[in-house]
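Enquirer: Predicted coordinates and the sequence they were generated for:
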Amino acid sequence: MSELIDIAPCMDWLNGLEPDMSVKVLTCLDNPKDLVQVSTVSRTWHYIVVENGLCKKLCLRMFPQLSRVAHVIELHDSDAKECVDVGSSNSKEWDTLEREHRVYAFLAHACTSFPASDCISGAISASSTDNFPEESINNTLYPSTRVGRRASYWSSKGQNNPAVPEMLTYKLKSDLIIITEINIHPFQGKYFTYFQPGQPIYSATGVRFHMGHAKVPIDVESDPMKESCHGDKFEWTYTSQVFPMAQVDCLQTFKLPEPVLCIGGILQIELVGRVQRQEMDDLFYICVSHVEVKGKSLGPAFSVETNAPSGLFVLKRQIKFNQPSSPENKFNANSTGDLERDVREMLPIVLHGNVVDFEEYYEWDDADYETDEEFVV
């Protein structure tokens, strides 16, 4: 069969296109692994990918929230020492483009596929609490509707007006979290039949989600009742539509239309509208048994630093960090080695029949490149 194949001379078809058309063709690639492979084909292809920031553009298409990133840096160790560019202004500019290419290539791959897990680190505040601490927002962190012989739930204060919303605010496990869905379990008063006949369910009529970062550091310890953190203390980079909530006693799933990158590690759940009066005082309440946030943490390999006046971010990538050292850390979804192992699923990169290490590729100099004509496409 091979004898019948007329092998055409090796040529770089991309060189035959206008520069703008070459960029348009490569922009159609929507897999970060493909972009990295393309950038290793030849010096010309590498230049096109890096100079036009194609990995960054791919990340922006995946997560528009990254448009607020002012620049990226790489940190060599846990002491947060930034890599320093040395050389002429032209070489520094190219080093900046190469750094962005590396950071966004790793970030894009880390965001493409992952097992979803619960991403809540702790509760920050509730807009109101009826009886503290028995009905605290902390109760929503636990999946069980009972703790010992006591019902476990958060309850708002009662309102005459059913349109008054409530807010539940949570800290997530890292500054960068990909969120795919939020699950909420409304509370049913089946444990209080002596003053709540009919086992009423204190759901909201709808729910909206806000994601972002705190404008100033939050001191949760100074607010034991967790009622002082209001919306004006946060900057939201994403706000969802209003999802309808059913008045049923079950964990309800609210799947986002597209995965969202939460920059800043803060999630606020806005419970819109009240449907259930309490017979004892004739006021409307909202009560929640449990909240789950499904997604993937990108820390500690990635983190952000907020510039408060401008609202822009610095995206940081930790190049090296320790692998899990204890057996229990092997099962921790947020252990320091997990994300680095995830992005290394991009390996091996096969180049002209040779396996190229991802880190070695990024350390190439001009002498390591072959001429464009030597590569078969």
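Expert: Nice, thanks for sending it over. Numbers count the residues shown, from 1 in each chain.
Enquirer: What's the local residue count around residue 43?
Expert: Residues near residue 43, counting by other C-beta atoms under 10 Å, number 15. In short, each C-beta sits where N, CA and C put it, glycine included.
Enquirer: Sketch out the low-pLDDT regions of the stretch 101-250 of the chain for me.
Expert: 191-197, 219-231 (pLDDT under 70).
Enquirer: all strands of it, in order?
Expert: Secondary structure of the stretch 101-250 of the chain by DSSP state E, counting those that start in this stretch: the strands cover 117-118, 120-126, 146-147, 150-151, 154-155, 166-172, 176-186, 204-214, 234-239, 243-244.
Enquirer: quick one: which of those strands is nearest residue 106?
Expert: strand 176-186 (12.1 Å; C-beta to C-beta).
Enquirer: show me what contacts the closest residue to residue 312 other than its chain neighbours?
Expert: Spatial nearest neighbour of residue 312, chain neighbours left out: residue 70 (4.0 Å); criterion: C-beta to C-beta, 6 or more residues apart in numbering. For residue 70, the contacting residues are 307, 310, 312-314, by C-beta atoms under 8 Å, 6 or more residues apart in numbering.
Enquirer: and those, which are buried?
Expert: Among these, the ones that count as buried by 16 or more other C-beta atoms under 10 Å are residue 313.
Enquirer: can you count the residues close to residue 122?
Expert: Residue 122: 12 surrounding residues under other C-beta under 10 Å.
Enquirer: The nearest residue to it once chain neighbours are set aside bridge partners, please.
Expert: Spatial nearest neighbour of residue 122, chain neighbours left out: residue 171 (5.0 Å); criterion: C-beta to C-beta, 6+ apart. On the basis of DSSP bridges, residue 171 is bridged to residue 122, residue 266.
Enquirer: do you know how far residue 171 is from residue 134?
Expert: Residue 171 is 22 Å from residue 134, where distance means C-beta to C-beta, to the nearest Å.
Enquirer: Do me a favour and get the backbone dihedrals for residue 289.
Expert: Residue 289 adopts backbone torsions of phi -90, psi -40, taken as degrees, to the nearest 10.
Enquirer: now swap in residue 260 and tell me
Expert: Backbone torsions of residue 260, given as degrees, to the nearest 10, read phi -120, psi 140.
Enquirer: ok, it to residue 182 distance?
Expert: Distance of residue 260 to residue 182, computed by C-beta to C-beta: 10 Å.
Enquirer: Between these two, which is the more surrounded one?
Expert: Neighbours per residue, other C-beta under 10 Å: of residue 260 and residue 182, the larger number sits with residue 182, 24 against 21.
Enquirer: close enough to count as contact, that one and residue 288?
Expert: No: with contacts counted by C-beta atoms under 8 Å, residue 182 stays clear of residue 288, the gap being 11.6 Å.
Enquirer: quick revisit: between residue 171 and residue 134, which has more neighbouring residues?
Expert: The neighbour comparison of residue 171 against residue 134 (other C-beta under 10 Å) goes to residue 171, with 18 against 13.
Enquirer: quick one on the thing from earlier: select, out of the strands of the stretch 101-250 of the chain, the one closest to residue 255.
Expert: The closest of the strands of the stretch 101-250 of the chain to residue 255 is strand 176-186. By C-beta to C-beta, the value is 4.4 Å.
Enquirer: Mind giving me the packing neighbours of that closest one?
Expert: strand 204-214, strand 252-263, strand 266-274, strand 287-297, strand 302-307 (3 or more C-beta pairs under 8 Å, 6 or more residues apart in numbering; DSSP states H and E).
Enquirer: Listing partners with orientation, what would you give for the fourth one?
Expert: On the basis of DSSP bridges, the sheet neighbours of strand 287-297 come out as strand 117-118 (antiparallel), strand 154-155 (antiparallel), strand 176-186 (antiparallel).
Enquirer: Quick one: the ones you listed as a markdown table, columns for distance to residue 142 too.
Expert: As requested, the strands paired with strand 287-297 are exported to a markdown table (distance: least, C-beta to C-beta, whole Å):
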| stretch | distance to residue 142 |
| --- | --- |
| strand 117-118 | 11 |
| strand 154-155 | 11 |
| strand 176-186 | 11 |
